[in-house]
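> my questions are about this predicted structure, shown below with the sequence.
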Amino acid sequence: MTGTIYALLLQQSELGAGASLWGRSAARHFGKPFDRLLAKGILCEQAPAETWATCRYCTCDYDHRLIREINGRLLAMCPWDHKADEELKPDDLRSFAINRERLVDLIRLANDLGPATNEIMPVLWRVGETEGHRSVLIALDRQSLAQPGLTTVIKASEQARDVTLLCPELPTPEAQAFRDAGITPVVLAETLGMSVAGWPVLDMAMLEPDLNRARIIVRSSAELLSIDGLELRLSRQMNKLFTALAEAVFKPDPFLSPYAIEDLMGREGRDVIRDLRSALIAEGLEKTVVAELIETRRSRGWHLKVDISDVQILA
Ligand SMILES: [Zn+2]
């Protein structure tokens with residue numbers, strides 16, 4: 001959704017409280033949807049700028065320049081060197097404060113997620129549910145996700161429901177920590193687009209990652225496994241081995257060596273991997289899929305040939 005007014009609003013909102021939008025970058029979005037944002041109080045026009053940023057190529061050392069209108073031209077003036085003056089457009093002086101809660105509320109409304117937006121922690125909102133009954137939360141900046149006790153509060157508020165957290169892009173370990181807690185982070189900017197009528201619409205399929213994202217879902221406590229949407233029931237031993245392979249995907253070295261497998265299973269690696277492949281095929285996976293999924297590499301052992309995002313491990 002790059003290039004829409006909503007992309008710009010999210011990008012600015014990531015900066016935290018007091019986020020605003022400058023006329024210079026907003027101007028190309030002026031029009032009906034923009035007017036609606038003003039009417040709904042998501043954007044609130046602030047007093048026009050009276051000063052402008054310092055000179056970029058001048059050594060005057062002033063901390064700002066004054067803006068003057070001279071013969072119908074707007075100029076940010078350097079009192080020291082007129083060659084450093086910068087001509088401005090009237091829209092450049094405008095700026096708009098972003099009301100982040102109202103922005104979140106508009107996303108709820110436009111996607112018919114639920115009846116109300118509730119702030120369950122500062123700058124963390126619950127906006128409703130998907131059709132698959134996943135709770136949908138929205139956080140607009142990363143600072144709000146660093147609040148102590150965040151996952152505990154989410155768990156308490158959402159009980160046993162699955163949770164999709166729409167938020168800025170997170171570093172892998174942070175995203176994984178949420179997944180480990182049963183909370184699925186989804187990058188809001190990647191799922192939010194704009195409808196023809198200018199509303200902020202979510203790609204709802206991206207909010208249901210269990211069904212649409214991860215190829216492999218391991219529920220270690222239930223000894224349940226799903227691969228490409230197929231539910232598999234393996235023996236306890238085979239499940240243990242597959243879980244170990246899946247966990248290794250997240251480690252710097254994703255391979256399980258023959259020794260590691262022998263340690264884990266008490267049998268020779270090659271034999272027990274062969275049993276695992278047979279068990280997966282017996283449960284309905286295609287032979288070629290299994291052959292590609294569990295890759296053998298000489299001198300290193302075995303690994304699952306998938307991306308981190310293909311694997312989800314639930315407690
Ligand atoms: Zn200057």
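In hand now; what should we look at? This one's a predicted model, so the numbers in the text were calculated from it and none came from an experiment. Residues are numbered from 1 along each chain as shown.

> every contact and neighbour count from this point should use C-alpha atoms.
OK.

> now do whichever helix or strand residue 312 is part of: distance to the chain's middle.
In this assignment (DSSP states H and E), residue 312 forms part of strand 311-314. Computed by Cα atoms, centre = their mean, to the nearest Å, the separation of strand 311-314 from the middle of its chain amounts to 17 Å.

> next one: stretch 30-43
Its chain's C-alpha centre and that of stretch 30-43 lie 25 Å apart, by Cα atoms, centre = their mean.

> contacts only, for the residue in the chain sticking out farthest from the centre.
Farthest-out residue of the chain from its mean C-alpha position, per Cα atoms, centre = their mean: residue 71, at 48.7 Å. Contacts for residue 71 (Cα atoms under 8 Å, 6 or more residues apart in numbering) come out as none.

> how much space separates it from the ion?
Residue 71 sits 21 Å away from the ion, going by Cα to the ion, to the nearest Å.

> try residue 281
73 Å.

> report how many residues lie close to that residue.
17 (other Cα atoms under 10 Å).

> remind me what the helix or strand harbouring it packs against, helices and strands.
Assessed by DSSP H and E, residue 281 sits inside helix 269-282. Secondary-structure packing of helix 269-282 (3 or more Cα pairs under 8 Å, 6 or more residues apart in numbering; DSSP states H and E): helix 236-248, helix 258-265, helix 287-293.

> buried residues in the next helix or strand after the shortest one, which are they?
Helices and strands here follow DSSP H and E; after helix 287-293, the next one along the chain is strand 294-297. Neighbour counts using 16 or more other Cα atoms under 10 Å place 294, 296 of strand 294-297 among the buried residues.

> and the very next helix or strand once past strand 294-297, what's buried?
Next helix or strand after strand 294-297 toward the C-terminus (DSSP H and E): strand 301-304. Residues 301, 302, 303, 304 are the ones in strand 301-304 that count as buried (16+ other Cα under 10 Å).

> cool, and stretch 130-150?
Buried residues in stretch 130-150 (16+ other Cα under 10 Å): 130, 134, 135, 136, 137, 138, 139, 140, 141, 144, 145.

> and those residues as a markdown table, adding distance to the ion and pLDDT?
Listed next are the buried residues of stretch 130-150 as a markdown table, based on distance: Cα to the ion, whole Å; pLDDT from 0 to 100:
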| residue | distance to the ion | pLDDT |
| --- | --- | --- |
| 130 | 54 | 91 |
| 134 | 55 | 91 |
| 135 | 53 | 95 |
| 136 | 50 | 97 |
| 137 | 47 | 97 |
| 138 | 43 | 98 |
| 139 | 40 | 97 |
| 140 | 37 | 96 |
| 141 | 35 | 96 |
| 144 | 38 | 93 |
| 145 | 41 | 95 |
